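Participant: from the sequence below, what's the structure:
(chains A and B)
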Amino acid sequence: MGILEVRDVGKRFGGLQALSDVNLSIAENSVHAIIGPNGAGKSTLLNCLVGKLIPDTGSVSFEGQSVLGRKPHEINQMGISRVFQTPEIFGDLTVMENMMIPCLARRDGSFSLHGYRSLMADREIVDRAEHMLEDMNMSNKREMHAASMSRGDKRRLEIGMCLAQEPRLLLLDEPTAGMARADTNNTIDLLKEIKAKRNITIAIIEHDMHVVFSLAERITVLAQGKPLVEDTPENIKGHPKVREAYLGESSGH
Amino acid sequence: MTDQTQQTATVTQPRPRTRSSGGILGLTKKDFGLLVLVAILTIFAPVILNPFPAGSAMAQFNAGYPDLMQRFVIFGIFAIGFNILFGLTGYLSFGHAAFLGVGSYAGIWSMKLLTLNVIPAILVSVIVAGLFSLIVGFISLRRSGIYFSILTLAFAMMSYALAYSVLTPITGGETGLQLRASDPRIFGGELMPGMTPRATLFGMQMQDSTDLRFGAWTFTLNTGYYIAGIVLLVAFYLSIRIFRSPFGMMLRAVKSNQNRLNYTGLSPKPYTLAAFVISGMYAGLAGGLLVAMDTQVGAERMFWTASGEVVLMTILGGAGTLIGPILGAGFIKYFENIVSTINKSTLESWFAFMPDGLQDAFVAVIYPFVGKGWHLTLGLLFMLVVIFLPGGLVQGGSKLATVFRRDRKGGGVEDDAAAQRQAREE
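Facilitator: Numbering: from 1, shown residues only, chains lettered A, B, ... in the order given. Coordinates of the predicted model:
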C-alpha cells in the first residue's frame, strides 16, 4: 500500500473523457513524477487528489482514508500540501506574514477566532515562522512584500509555506514552469535538499524532462487520460510507448 | 547531499530583531500612540472643533456642538466596524446601514419596554444587529465580488422597504419611533403624563451640557458625547486588537489569496462570516448609540445612501488603516452639516468687500458647491482622494509627514496599509 492510492479514477468534462481507469500508487517517502504530453490529464488528476474536482468514478485514498467529497482545506489538513504552477502566495503580505499563516493553520486548525491575542507576541508562531525562513534561506527577505520578489523566490517561499505545515505528501504542479535555467536548478536543489532532510513523499507533475530525471525515483506516464507505463527513470527513457506518446509517431486515434 | 545541509546550517543569518510586543494594554508603542491620539482628539473635540469665537463671521465653521460631535463619534464607530470587513477581507458590503437601522430599532424598543438606561439599549442593539448580520452574511457570503455587494444591497433595501411599510407596527413606518411617556416600561420609574422620557445613564441625562466660556469662545461639554466617546475608544481599541491578531491576519489573507488559503488548510468562509458579524455588531452599536442620543428612529437610516456613505467614509479615510475610517467619518459628517449650511446670503456677505460685478461672479461660481450642492464638493474631493491618494487621507497624512521628516526609514504607523493599497491600485 502506498501513501496515496488512486483506484479506477475516471473524470468526464462534457464530451471529453479527461481521465479513465487511472490507477496509481505513490509509495511512502518516494519522489514520484507524473509526466505526459499536453492534455494527457495530469492537472485533472492532480485536481482530483486535492479536492478541487470530484472524480466521476473510482476512489482516492490517502493513508487509508478516502479524500473524496472532502473540501480542499480538509484534505490539506489531512497532510497533503500543494504547490501551484504559478506560485500562489499572499502577495499583499510580507514574507514573514506569509510564513506565519501556515504555522497558524498547523497549530489552530482550519478556523479559530483568536481576535484578541497579539500575533507578534505569539512566540511559538513567530519562532517557527522564523525558523522556516532560515531553513529556506529567506530570513533576509522577511519584511519584503511577497509580490515584489522574483519568480524563483516566490516559488521558494511557497514551498516553504507548504513545508511549514509538515505535510506527509507534497504535490508539485510544474514547479519550474516559466523559470529561467538558474531558477530551475535552484528549485531542483531545493527539492533534493528537502527530500534529504525530511520525512516526506513528493509527487511532481512536470513537463521539463531535466527536472523529472534529476528528481524522480518512479515515473508514471499519462497519455489521453490513461496511465501508459510506470517505471524507474532509467527504463522510462528508452521506452517505445513513451516515445510514441510524446512524439505522436503513431497515435492510435 | 550532506555538505548542502551543512551549508544551510552555517549560512544562517543572525536573527533579525523581532518587533516589540506585549507593551501597554497589549499594544505596540505605535498602536498605543494611535489610541492615545484618538483619545486626545475625542476628549478635546469640543475645543478643537470650535476654533472660532461664537458670533464671529467664521462661527458657522464651528463643529463643536453636541449633536454633530455625537455624529462624528457614532459614525466613526460605524466606519471602524465596516473597515474590519472591507479593509481587511476586501468584501465590499453595500448594505451595512441595515444593521445600523436594526440596531436602532432594537435599541429604541429596549428603551420603550425595558428601561430608559442606555446600557441595556446598546447591548440589545449589538446583539440583535449581530444576529441579523449572521443571517444576511450567511446568505450573502455564498458569493464574492460584485455579487456579494449586490446581495447585501438587496438585503438592506428589503429591510428598508419592510421597515417603511409592512412592519409598521414594529417600526412606526413613515413616522418612525419616538419615546413616549405612555410606553409600557418595566423598569421605567415614574413619568408624569406629559413628561418627555429622556435617555439616561444612571441618572445622567444624555443631553445635559455644561458650557465653558473663555472670552468670546464657548465650548459645550455634553454628557451624551462623552459617553459615546468612551464607547468609541473601546471600539477603536478592540479594532486594533483584531487588526494585530491571528484572526486579523487570516482576514488579510482572505483578501490577498483565497486559493492559497484553501490549500493551506484554512477555510475562508467562517473567517469572512465572523468578520461580517463583527462589523454588523459595530453597526448595531452605532445604531444603538444613535437612539441613545436622540431617542428616535426612522426607516431612512437604512436607505442605500446611508450604506454608501459608510463606504465613502472608509475609502476616503483609508481602507485597511486603523484611524482612517474615523477621519473619513468626521470629514463627511463635517461636510454634510457645515458646508451644507452655507447659503447665498452667507456667500454674499463674504465677498461683500468686492466690487458688485465681481462679487456676483464669485457668488455664482461658488454657490453650486455649497449649501444644497455640498454633495458636489464631496464628490469632487472623493474623486481627488481616490485618484491621487488611493490610501485615503491617512496616506495623505503620511506623505505630508515624510516631507517634514526626511528619513523614510521610520515609516508612520499607518503607512503600511496605505502603501499596500496604493501598490495594488498601480
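
Participant: near chain A at all, the lengthiest helix in chain B?
Facilitator: In terms of residue count, the longest helix belonging to chain B (DSSP state H) is helix B:268-294. Yes: applying Cβ under 8 Å from any Cβ of the partner chain, one finds helix B:268-294 in contact with chain A at B:270-271, B:274, B:278. In this view, the C-beta of every residue, glycine as well, is placed from N, C-alpha and C.

Participant: from these, which is closest to residue A:189?
Facilitator: Closest to residue A:189 out of those is residue B:271 (36.2 Å), distances taken as Cβ to Cβ.

Participant: I'd say residue A:164 and residue A:128 touch.
Facilitator: Yes: the pair residue A:164 / residue A:128 is scored as a contact, 7.1 Å apart, by Cβ atoms under 8 Å.

Participant: what's the overlap in contacts for these two?
Facilitator: residue A:103 (Cβ atoms under 8 Å, 6 or more residues apart in numbering or on different chains).

Participant: please say which of those two ends up with more neighbours.
Facilitator: residue A:164 (26 against 19; other Cβ atoms under 10 Å in any protein chain shown).

Participant: ok, that one to residue A:129 distance?
Facilitator: Distance of residue A:164 to residue A:129, given as Cβ to Cβ, to the nearest Å: 7 Å.

Participant: any common contacting residues for these two?
Facilitator: By Cβ under 8 Å, 6+ apart, the residues touching both residue A:164 and residue A:129 are A:99, A:103.

Participant: so who does the closest residue to chain A within the stretch 101-250 of chain B touch?
Facilitator: Here the stretch 101-250 of chain B gets closest to chain A at one residue, residue B:247, 4.1 Å apart by Cβ to the nearest Cβ. Neighbour list for residue B:247: A:112-115, B:271, B:274 [criterion: Cβ under 8 Å, 6+ apart].

Participant: report the contact partners of residue A:95.
Facilitator: For residue A:95, counting by Cβ under 8 Å, 6+ apart, the contacting residues are A:133, A:138, A:141-144, A:146, A:149, A:157.

Participant: how far does the helix or strand harbouring residue A:192 sit from the chain's center?
Facilitator: Assigned by DSSP states H and E, residue A:192 belongs to helix A:181-197. Relative to the mean C-alpha coordinate of its chain, helix A:181-197 is positioned 14 Å out (Cα atoms, centre = their mean, to the nearest Å).

Participant: tell me which helix or strand comes right after that helix.
Facilitator: Next along from helix A:181-197, by DSSP H and E: strand A:201-205.

Participant: need the residues of the stretch 101-250 of chain A near chain B, please.
Facilitator: A:101-102, A:104-106, A:108-122, A:125-126, A:130, A:134-135, A:137, A:139-140, A:142, A:145, A:147, A:158, A:161, A:165, A:189, A:192-193, A:196-197.

Participant: what do you get if the cut-off is 6 Å, keeping everything else the same?
Facilitator: A:101-102, A:104-105, A:110-111, A:113-121, A:134, A:139-140, A:193, A:196 (Cβ under 6 Å from any Cβ of the partner chain).

Participant: which strand residues bridge the residue nearest to the spatial centre of chain A?
Facilitator: With distances taken as Cα atoms, centre = their mean, residue A:171 lies nearest the centre of chain A, 1.8 Å away. Per DSSP bridges, residues listed as beta-bridge partners of residue A:171: residue A:82, residue A:203.

Participant: ok, back up a step: report the buried residues of the helix holding residue A:192.
Facilitator: A:183-188, A:190-191, A:193-195 (16 or more other Cβ atoms under 10 Å in any protein chain shown).

Participant: from the residues you listed, which single one is nearest residue B:130?
Facilitator: residue A:194 (45.6 Å).

Participant: any stretches of the stretch 101-250 of chain A with poor pLDDT?
Facilitator: Within the stretch 101-250 of chain A, the ranges that satisfy pLDDT under 70 run A:247-250.

Participant: got the residue ranges for the strands in the stretch 101-250 of chain A?
Facilitator: A:169-173, A:201-205, A:218-223, A:226-231 (DSSP state E, counting those that start in this stretch).

Participant: which one of the ones you listed lies nearest to residue B:329?
Facilitator: Counting by Cβ to Cβ, residue B:329 lies closest to strand A:169-173 out of those; the figure is 45.9 Å.

Participant: pull the distance from the closest one to the chain's centre.
Facilitator: In terms of Cα atoms, centre = their mean, the centre of strand A:169-173 is found 2 Å from the chain centre.

Participant: what number of residues lie near residue A:229?
Facilitator: By other Cβ under 10 Å, the residues close to residue A:229 number 16.

Participant: now for it: which residues touch it?
Facilitator: Contacts here follow Cβ atoms under 6 Å, 6 or more residues apart in numbering or on different chains; on that basis residue A:229 touches A:221, A:239, A:241.

Participant: got a ChimeraX select line for the buried ones in the residues you listed?
Facilitator: Command for ChimeraX that selects the buried part of these, burial taken from 16+ other Cβ under 10 Å:
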select /A:221
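
Participant: what comes up buried for stretch B:208-222?
Facilitator: So for stretch B:208-222, counting by 16+ other Cβ under 10 Å, buried means B:217-219, B:221-222.

Participant: so can I have CSV of these showing pLDDT?
Facilitator: Shown next, in CSV, are these (pLDDT from 0 to 100):
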residue, pLDDT
B:217, 87
B:218, 86
B:219, 90
B:221, 92
B:222, 92
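
Participant: narrow these to those in strands?
Facilitator: B:217-219, B:221-222 (DSSP state E).
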